[in-house]
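Visitor: mind folding the following:
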Amino acid sequence: MLEASTALPPVAIAVAVVVAVVLAVGSYLLGSRRGAGSLRQRLVSLGNRLGADALETEPQKTEDALAYVERATDRAAEAVAESSADAIRLRRAFDALAQAVIVCDERGEPVCRNARAVALMGSRHGDALAAHAVDELLAATPPGASEERTLELYGPPRRTLTMRTVSLDNGQRALGVIAVIDDVSERRRLEEVRRDFVA
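Guide: Next up, the predicted model:
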């Protein structure tokens with residue numbers, strides 16, 4: 001008799017199972033709603049970091065938050081494409097300059113050279129002297145200042161280079177130095193011919 005009294009009736013077991021299932025489903029739904037809310041918040045935050053316009057109201061559906069991120073991603077992709085086109089345009093303009101141009105970072109390390117600078121700083125002895133003189137001038141340019149120097153290379157061929165460096169900053173700290181090297185050899189030669197002709 002004692003054994004029969006400790007056993008639960010089948011109706012009680014069925015009710016306990018139903019309550020357990022309802023509690024499990026309820027906690028799952030509540031957790032998934034919290035999870036979905038957290039996911040929506042994270043998606044909106046991601047969209048904001050991608051530079052999208054701020055939302056007036058929080059999205060109620062995950063699909064709306066995903067659409068927001070997709071719009072933000074599209075805008076970011078357009079911005080990257082425009083930036084890439086700008087960089088290519090600037091690089092081509094930089095390489096088209098007649099002067100050699102070298103840009104160094106704040107530590108004095110070259111970060112950019114145009115095609116003329118690469119050609120000028122070749123492996124010939126005169127070019128090595130020019131490269132050394134440019135390096136010295138870059139190192140000698142203090143923040144907020146500019147330096148200028150003329151270098152005579154006796155060749156062959158004889159060349160005259162004018163070098164000018166200018167410190168770059170953003171108003172708060174030094175960003176680097178730019179060097180502009182101009183080969184004025186032909187101009188000097190024409191001046192000498194003109195001077196000899198007049199004399």
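
Visitor: buried ones in the helix or strand encompassing R71, by neighbour count?
Guide: According to DSSP states H and E, R71 maps onto helix 62-96. Neighbour-count burial for helix 62-96 flags 65, 68-69, 72, 94 (criterion: 16 or more other C-beta atoms under 10 Å). C-beta coordinates here come from the backbone N, C-alpha and C atoms, glycine included.

Visitor: and the next helix or strand past that helix?
Guide: Using DSSP H and E, the first helix or strand after helix 62-96 is strand 100-105.

Visitor: in this protein, which spans are strands?
Guide: Under the criterion DSSP state E, the chain contains strands at 100-105, 110-113, 146-153, 159-169, 174-183.

Visitor: now those strands in TSV, with distance to L55, mean neighbour count and mean pLDDT?
Guide: Formatted as TSV, the strands of the chain follow (distance: least, C-beta to C-beta, whole Å; neighbours: other C-beta atoms under 10 Å; pLDDT from 0 to 100):
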stretch	distance to L55	mean neighbour count	mean pLDDT
strand 100-105	39	20	91
strand 110-113	39	15	89
strand 146-153	49	15	86
strand 159-169	38	18	88
strand 174-183	36	20	90
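
Visitor: nearest to R194, of those?
Guide: strand 159-169 (15.6 Å; C-beta to C-beta).

Visitor: what lies in contact with that closest one?
Guide: 103, 126, 130, 133-134, 137-138, 140-153, 174-185, 188 (C-beta atoms under 8 Å, 6 or more residues apart in numbering).

Visitor: quick check: the farthest pair among the buried residues of helix 62-96?
Guide: It's A65 and F94 that sit farthest apart of these, by C-beta to C-beta, at 42.4 Å.
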